[in-house]
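Q: Task: produce atomic coordinates for the following.
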Amino acid sequence: MKHTFLIFAGLFSLTLPVLATMQIPVKLQAALFRKILSYDKVLKGKSDKLVVALVGESSKQAQETSDAFESVGFKVVSISADKLEQAASSFDVLYINSDSTIGIYKELCEQKGLLTITGNARLVEKGHVSIGLETKDDGRPQIVINLKRLQAEKHELQSELLTLAKVIR
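A: Next comes the predicted model:
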């Protein structure tokens, strides 16, 4: 019995790095972002009317993401990367899941005050996106915030959220 436990514990510890790099399911991301964005001082008055733009996702992935965000009350628009600048006034938040469109949106979001979010915490850690989600070693979601990026996009979060998050300065 003791040996079985040790083998199980050893195998579980091998999965911890994998859990930390797993992406949170998009339905959970949408629900978490709904709550997270209620702490944004700039978006505070718009919480019921927030428009999230999806860019750089495959059609199947975009549909799944769109459905998830709509299910928690966001209005969602899908925009191709080449139309992003023309559509910038039609959304408040840009959901990015790939670094293939970084060059296109970074400057635009700074100029227009558009907030970037992602389910890929690596993009937040690299300074490409303001707010993201990752999985902790214990499997629970972790909010990741890049303050420099957040300020560049002209957004400010309430301190209550910052105390719960992994903050990158």
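Q: Pull the number of nearby residues for the closest residue to E110 other than its chain neighbours.
A: The shortest distance from E110 to any non-neighbouring residue, by CB to CB, 6 or more residues apart in numbering, is to A152 (4.9 Å). (Glycine included, C-beta is placed from N, CA and C.) A152: 17 surrounding residues under other CB atoms under 10 Å.
Q: State the pLDDT value of A152.
A: Looking at A152, its pLDDT reads 97.
Q: if I look at it, how far off is I24?
A: According to CB to CB, to the nearest Å, A152 and I24 sit 25 Å apart.
Q: My guess is A31 contacts G73. True?
A: No. Applying CB atoms under 8 Å, one finds A31 not in contact with G73, separated by 9.9 Å.
Q: Look at the two and report which has more neighbours.
A: Using other CB under 10 Å as the criterion, A31 and G73 rank with A31 on top: 18 against 13.
Q: Doesn't that one belong to a helix?
A: Yes. Read with DSSP: H, G, I helix; E, B strand; the rest coil, A31 is one of the residues of a helix.
Q: quick one: contacts for it?
A: Contacts here follow CB atoms under 8 Å, 6 or more residues apart in numbering; on that basis A31 touches V72.
Q: same deal with E70?
A: V76.
Q: So which bits of the helix or strand where it lies are buried?
A: In the assignment (DSSP states H and E), E70 maps to helix 59-71. Buried residues in helix 59-71, counted by 16 or more other CB atoms under 10 Å: 62, 65-66, 68-69.
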